[in-house]
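Trainee: Show me how the following folds:
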Amino acid sequence: MQETVILAIVVVVALAFDFTNGFHDTANAMAPSVATGALKPKPAVALSATLNLVGAFLSIEVARTVGSGIVDLTGVDGESLMLIVLCGLTGAIVWNVLTWLFGLPSSSSHALFGGLIGATIAALGLTGVLWGGVAQKILIPALLAPVIAGLVAFCGTWLVQRVTAGLSERRERTDFRWGQIGAASLMSLAHGTNDAQKTMGVIFLALVAHGTLDPEADMPLWVRVVCAVAIAAGTYMGGWRVIRTLGKGIVDISPRQGMSADFSSASIILTSSHLGLPLSTTHVASGSVIGSGVARTDAKVRWSVARRMLIAWLITLPAAGAVGALCFGIASIFGHLGGSIVVTLLLLAACLVMWLRSRASHVGHHNVTEEWDQPKAERKREIDRELSAVASGIAPLAKPRKRKKRPKPRTEDR
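Mentor: Numbers count the residues shown, from 1 in each chain. Below you'll find the model as predicted:
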């Protein structure tokens, strides 16, 4: 009974990670199209969510990699392994929500792997991690993916610009609109084939630890369905803060540039899904946006934003790993079942605090396409308005005092 309760907690938290993966990574597919106006914000996330749902059923190669290529399962009892998975997921979710709060396009995949690796080291030591699989399937693709994506997007943008050199800005917006929508749709489909698989692999790992499945068994249909629905629901939520950074913060994207970036990202991610490589769609999409921006002579790449994003990439694995290890240390004090409940409650508290903090500078579909370089005075006024709105939502509005009616002066009798 205790094992079944722990398994249920792990599955629910895994789907919560899948949900955060969806809203954190919506920007990877839709930021260029939203930034150029090819798609309105709300229809963009609805389209992306639908195609994420479809893409999740097209392949399970990445799920097999996650379920078998990172953690050494030999000699680990089922409850301990499920607790490791839970703590790893907690580290990944905390990092996803934190980087969403700051609008940083960081990798949900690397957050997941970092959390799992940190929890495994805390539980089993360094020998519990399959370091060869980590290097081959995580670290090397992480280094190569953004570089290759940037080069492909650079060449594609340069070629498209040469072919359409005489096109006016108005014609560019109208003629490239459907090309952008097609490229963004392909990117959303690719995201579903890669990222939804990672949660499937984690749940599969938990089911193997519980004894429900054999390690060589096929992926259960119900796992594929719930993971597809969870990532699609998260995608529909928007993740507007990250969309704004990727669409407006790094470079001002033109329609030609956005189409080239999306086609570049989609082709690389679909290839990696076919090969079973759990590639970071964020690294690929960001590399494509930067590469297409460099190819435009009139574009201004904001390297300060790109630098902050790169720092987030570098610390994703160790930061998520540290949270995962810390959670396992806390959980081990309370035992398997008690530790699972305590870690889940801490996760809920941390996410609630970060969500409340985000309300102070709200970004939504109504302001996601505003210019990045706002004047300081205008930005301060906007923040003041948002803070006032938050305060009025939290504290009850004071009722206006009723003015006492002054008695009318009596007219003297004549």
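Trainee: buried ones in stretch 326-339?
Mentor: Judged by neighbour count using 16 or more other CB atoms under 10 Å, the buried positions of stretch 326-339 are 326-328, 331, 336-337, 339. Every C-beta, even on glycine, is put in place using the N, C-alpha and C of the backbone.
Trainee: and if you look at stretch 351-363?
Mentor: For stretch 351-363, burial by neighbour count (16+ other CB under 10 Å) applies to 351, 358, 362-363.
Trainee: on that earlier part again, which pair of the buried residues of stretch 326-339 spans the longest distance?
Mentor: 326 and 337 (19.3 Å; CB to CB).
Trainee: Check the secondary structure at the closest residue to residue 333 other than its chain neighbours for me.
Mentor: Spatially, and ignoring its direct neighbours in sequence, residue 333 is nearest to residue 339 (7.0 Å; CB to CB, 6 or more residues apart in numbering). Look at residue 339: counting by DSSP: H, G, I helix; E, B strand; the rest coil, its state is helix.
Trainee: and residue 339, what is it in contact with?
Mentor: Going by CB atoms under 8 Å, 6 or more residues apart in numbering, residue 339 touches 83, 330-333.
Trainee: Helices - which of the residues you listed land there?
Mentor: Residues of the contacts of residue 339 located in helices (DSSP state H): 83, 330-333.
Trainee: Can you name the two of those that sit furthest apart?
Mentor: By the measure CB to CB, 83 and 333 form the most distant pair in the ones in helices among the contacts of residue 339, at 12.0 Å.
Trainee: Show me which positions of stretch 224-240 end up buried.
Mentor: Here stretch 224-240 shows 224, 226-236, 238-240 as buried, counting by 16+ other CB under 10 Å.
Trainee: Those residues in helices, which ones?
Mentor: In helices, defined here by DSSP H, the members of those are 224, 226-236, 240.
Trainee: would TSV of those residues with pLDDT and distance to residue 168 be doable?
Mentor: Below are these laid out as TSV (pLDDT from 0 to 100; distance: CB to CB, whole Å):
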residue	pLDDT	distance to residue 168
224	90	47
226	94	48
227	91	45
228	91	42
229	94	44
230	93	44
231	92	39
232	92	38
233	93	41
234	91	39
235	90	34
236	90	35
240	87	31
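Trainee: Just give me the closest of the contacts of residue 339 to residue 186.
Mentor: Checking the contacts of residue 339 against residue 186 with CB to CB, the nearest one is residue 83 at 39.1 Å.
Trainee: separation between that closest one and residue 291?
Mentor: Distance, residue 83 to residue 291, using CB to CB, to the nearest Å: 42 Å.
Trainee: How far does stretch 266-274 sit from its chain's centre?
Mentor: 18 Å (CA atoms, centre = their mean, to the nearest Å).
Trainee: Give me the phi and psi for residue 129.
Mentor: Note on residue 129: backbone dihedrals following degrees, to the nearest 10 are phi -100, psi 140.
Trainee: I misspoke; the intended subject was residue 71.
Mentor: The phi and psi torsions at residue 71 (degrees, to the nearest 10) take the values phi -110, psi 140.
Trainee: Distance of it relative to residue 142?
Mentor: Distance, residue 71 to residue 142, using CB to CB: 18 Å.
Trainee: Which one of the two is surrounded by more residues?
Mentor: Legend: neighbour count by other CB atoms under 10 Å for residue 71 and residue 142, higher for residue 71 (26 against 20).
Trainee: Pull the number of nearby residues for the residue lying closest to the more buried one once chain neighbours are set aside.
Mentor: With CB to CB, 6+ apart as the measure, residue 120 is the residue that lies nearest to residue 71, at 5.3 Å, once sequence neighbours are left out. For residue 120, the neighbour count with other CB under 10 Å is 28.
Trainee: what does residue 300 give?
Mentor: A count of nearby residues for residue 300, using other CB under 10 Å, gives 11.
Trainee: is it true that it touches residue 253?
Mentor: No. At 11.4 Å, residue 300 does not count as touching residue 253 under the criterion of CB atoms under 8 Å.
Trainee: which intervals of the chain have sub-threshold pLDDT?
Mentor: Along the chain, the parts satisfying pLDDT under 70 run over 59-69, 73, 75, 276-279, 297-299, 373-414.
Trainee: So which residues of it form strands?
Mentor: For the chain, applying DSSP state E gives no strands.
Trainee: For residue 286, give me its contacts.
Mentor: Contacts for residue 286 (CB under 8 Å, 6+ apart) come out as 105, 146, 246, 250, 309.
Trainee: Kindly reformat those residues as CSV containing neighbour count.
Mentor: Shown next, in CSV, are the contacts of residue 286 (neighbours: other CB atoms under 10 Å):
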residue, neighbour count
105, 30
146, 23
246, 29
250, 24
309, 22
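Trainee: how close does residue 280 get to residue 127?
Mentor: Distance, residue 280 to residue 127, using CB to CB: 26 Å.
Trainee: Looking at these two now, which is surrounded by more residues?
Mentor: residue 280 (30 against 10).
Trainee: Report the contact partners of that one.
Mentor: 107-110, 141-142, 145.
Trainee: let's see it at 6 Å
Mentor: Applying CB atoms under 6 Å, 6 or more residues apart in numbering to residue 280 gives the contacts 107, 109-110.
Trainee: so which of those comes closest to residue 259?
Mentor: If you rank the contacts of residue 280 by distance to residue 259 using CB to CB, residue 107 comes first, at 23.7 Å.
Trainee: Based on its surroundings, how many neighbours for that closest one?
Mentor: The local packing of residue 107 (other CB under 10 Å) involves 31 other residues.
Trainee: Isn't it up against residue 282?
Mentor: Yes. Counting by CB atoms under 6 Å, residue 107 does reach residue 282; the two are 4.6 Å apart.
Trainee: Please produce a markdown table containing the buried residues of stretch 326-339, extended by distance to residue 98.
Mentor: Output for the buried residues of stretch 326-339, formatted as a markdown table (distance: CB to CB, whole Å):
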| residue | distance to residue 98 |
| --- | --- |
| 326 | 14 |
| 327 | 15 |
| 328 | 19 |
| 331 | 20 |
| 336 | 27 |
| 337 | 28 |
| 339 | 23 |
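Trainee: Which member of these is positioned nearest residue 207?
Mentor: Distances from residue 207 to the buried residues of stretch 326-339, taken as CB to CB, are shortest for residue 336 (16.6 Å).
Trainee: now the closest one, nearest residue through space, not along the chain?
Mentor: Residue 336 sits nearest to residue 79 (CB to CB, 6+ apart), 4.3 Å away.
Trainee: With residue 206 as the reference, measure out to the one you found.
Mentor: For residue 79 relative to residue 206 (CB to CB), the value is 11 Å.
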